[in-house]
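Enquirer: Provide a 3D model corresponding to the input given below.
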Amino acid sequence: MSAASKKSLDDKVVVITGAGSGMGREMAILAATRGAVVAISDWNPEGLAETVDLVKAAGVRELRSDVLDVSDRAAMAAYATAVAEQFGRVNMIVNNAGVTVTGDFEDMEYTDFDWIVGVNFLGVVNGTKEFLPHLIASGDGAVVNISSLFGLISMPGQTAYNATKYAVRGFTEALREEMLINGHPVTVTCIHPGGIKTGIARNGRKTKGQDATAIDRLFDEKLARMPADKAARIILDAAAAGKARQLVGMDAHLIHHFAKFTGSRYQDVVARIAGRVIPHKSV
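Expert: Sure thing, here's the model as predicted:
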């Protein structure tokens, strides 16, 4: 689809989860500047309130904000109903909310694994399931699910995060095929960001013995290269164009192509490099 044929967001109802910071916040601001009616949510009321002020300052047409735990299926169902009733339609859902757990799997607690699955994967499932009927009814719907570069390649210390982001990818790609087969007027886009300047790593959990300060410094200073507002533009442009997949960041493109070229051998290369770069846990 050419740039000229991209869908306009003007007067479209755009729902964004995890909008209290980072890419979610920047997507909400950008959607507002493009004339969208915006519904935002986050689990953190303070961060959400800050986003509300910024979206209003951007001249949003109409705004709704809710404190929401995307892993709470009943809460998501009630939220989707409320948004659709308030605005009369829903045109786009961006399932952006996400968390991290960093550390070796052998040191991970089941509670940590359940937590990240609940937010990163089931949150996407819940948001998609509850908003999909409204998107279909709109006649011009879009599902945008945020996976990760780590939904395309694996990384040591990220077993739980990898599992959820690979799951988001598989779920999203199969959903897109179903929309095509059934002739529903809904595009489905899977997003794979690389290192984006957000607080996701800093605010995530670490397993016992991990040097949280060193891990956060590595992400903030070495890995997170792209500003969140630039990532937001790439994501919303991809969604507007109805792309099936969008990688975000030069690192995502380079590493993805490297993994495709080397096949499963990339795992050995990653293990050698990560063993030297990633901070070691204390014994």
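Enquirer: hey, where'd the helices end up in the protein?
Expert: Per DSSP state H, the chain has helices spanning 22-33, 45-57, 73-87, 110-116, 122-138, 159-182, 212-218, 228-240, 250-262, 266-277. These are given in chain order.
Enquirer: For Asn95, which of the ones you listed is the nearest?
Expert: Set against Asn95 and scored by C-beta to C-beta, those come closest in helix 122-138, at 4.3 Å. Every C-beta, even on glycine, is put in place using the N, C-alpha and C of the backbone.
Enquirer: Mind giving me the packing neighbours of the closest one?
Expert: strand 13-16, helix 73-87, strand 92-95, strand 141-146, helix 159-182, strand 186-193 (3 or more C-beta pairs under 8 Å, 6 or more residues apart in numbering; DSSP states H and E).
Enquirer: do that again at 7 Å, thanks
Expert: Packing partners of helix 122-138 (3 or more C-beta pairs under 7 Å, 6 or more residues apart in numbering; DSSP states H and E): helix 73-87, strand 92-95, strand 141-146, helix 159-182.
Enquirer: still on that earlier bit, please work out which of the helices of the chain is packed deepest.
Expert: Ranked by mean neighbour count, the helices of the chain are led by helix 22-33 with a mean of 25 (mean count of other C-beta atoms under 10 Å).
Enquirer: From the rest of the structure, what touches it?
Expert: Outside helix 22-33, the residues that touch it by C-beta atoms under 7 Å, 6 or more residues apart in numbering are 9, 14, 16-19, 38, 40, 51, 54-55, 58-60, 94, 96, 196, 198-200, 228-229, 231-233, 235-236.
Enquirer: picking that back up, just give me the lowest mean pLDDT stretch among the helices of the chain.
Expert: Note on those: helix 212-218 shows the lowest mean pLDDT, a mean of 62.
Enquirer: And Thr187, how far from Val55?
Expert: According to C-beta to C-beta, to the nearest Å, Thr187 stands 24 Å off from Val55.
Enquirer: same question but for Ile196, I mixed them up
Expert: Here Ile196 is placed at a distance of 19 Å from Val55 (C-beta to C-beta).
Enquirer: Please point out which parts of stretch 94-101 sit buried.
Expert: Val94, Asn95, Asn96, Ala97, Gly98, Val99, Thr100, Val101 (16 or more other C-beta atoms under 10 Å).
Enquirer: With respect to Val119, which of these is nearest?
Expert: Val99 (4.9 Å).
Enquirer: I figured the closest one was touching Ile116, is that so?
Expert: Yes. Counting by C-beta atoms under 7 Å, Ile116 is a contact partner of Val99 at 5.7 Å.
Enquirer: residues shared between the contacts of those two?
Expert: Counting by C-beta under 7 Å, 6+ apart, nothing touches both Val99 and Ile116.
Enquirer: Can you tell me the closest non-neighbouring residue to Lys6?
Expert: In space, and not counting its chain neighbours, Lys6 is closest to Ala240: 4.2 Å by C-beta to C-beta, 6 or more residues apart in numbering.
Enquirer: Could you check how many residues crowd around the closest residue to Glu173 other than its chain neighbours?
Expert: Counting by C-beta to C-beta, 6+ apart, Cys190 is the residue found nearest to Glu173 once chain neighbours are left out, at 6.2 Å. Residues near Cys190, counting by other C-beta atoms under 10 Å, number 26.
Enquirer: dump the residue contacts of Cys190.
Expert: Contacts of Cys190 by C-beta under 7 Å, 6+ apart are Asn145, Ser147, Arg169, Thr172, Glu173, Ala244, Arg245.
Enquirer: Identify, from those, the entry nearest to Ser65.
Expert: Once C-beta to C-beta is applied, the member of the contacts of Cys190 that ends up nearest Ser65 is Asn145, at 21.3 Å.
Enquirer: beta partners for the closest one?
Expert: Counting by DSSP bridges, Asn145 is bridged to Asn95, Cys190.
Enquirer: Use 11 as the first number for this chain going forward.
Expert: Right, with 11 as the first residue, what we last looked at is Asn155.
Enquirer: what sits against the closest residue in space to Thr27 that isn't next to it in sequence?
Expert: For Thr27, ignoring the flanking residues on the chain, the nearest one in space by C-beta to C-beta, 6+ apart is Ala107 at 4.1 Å. Contacts for Ala107 were tallied using C-beta under 7 Å, 6+ apart; they are Thr27, Gly28, Val80, Val129, Gly133.
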